[in-house]
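With the sequence up front, the predicted model follows.
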Amino acid sequence: MTGVFFQCGKNCIRRGRLSWFGHVERRIDDSAMKKCSDIVVEGQQRKGKPQKTWYQVVDSDFRSLKIEHDLAQNRTELKIGIKKLV
């Protein structure tokens, strides 16, 4: 039973992440949200494997659903692509 719950929770989080990505991508380039998404943090990294960035996780979500990043510009088509997770 826990495996089913984990899949539902994982897909729910993925849906929200892809929906938010579409929202960010549709913003104008001068918005603060869009500018903050491209910030590069300077300084030393911790030891070990580097953490994935938010964009890397979103990219893997798009690849697992086999949909294109350009789909984020069209809200209705993105919703249809996200509904594949149901």
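All right, it came through fine.

Show the contacting residues for residue 55.
residue 37 (C-beta atoms under 8 Å, 6 or more residues apart in numbering). Glycine gets a C-beta too; all of them are placed from N, C-alpha and C.

for the helix of greatest length in the chain, packing partners?
Counting residues, the longest helix found in the chain (DSSP state H) is helix 2-26. Applying 3 or more C-beta pairs under 8 Å, 6 or more residues apart in numbering; DSSP states H and E, we find helix 2-26 packed against helix 54-65, helix 75-82.

For residue 42, which of these is the nearest?
With C-beta to C-beta as the criterion, residue 42 lies closest to helix 54-65 of these, at 17.8 Å.

Return that closest one as CSV; C-alpha atoms alone will do.
Extracted C-alpha coordinates of helix 54-65, given in CSV (Å, rounded to 0.1, in the frame of the first residue of the first chain):
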residue,chain,number,x,y,z
TRP,A,54,15.7,22.7,-10.1
TYR,A,55,16.1,23.0,-13.9
GLN,A,56,17.8,19.6,-14.1
VAL,A,57,15.0,18.0,-12.2
VAL,A,58,12.4,19.7,-14.4
ASP,A,59,14.3,18.5,-17.5
SER,A,60,14.2,14.9,-16.3
ASP,A,61,10.5,15.3,-15.7
PHE,A,62,10.0,16.5,-19.3
ARG,A,63,12.1,13.7,-20.6
SER,A,64,10.3,11.0,-18.6
LEU,A,65,6.9,12.3,-20.0
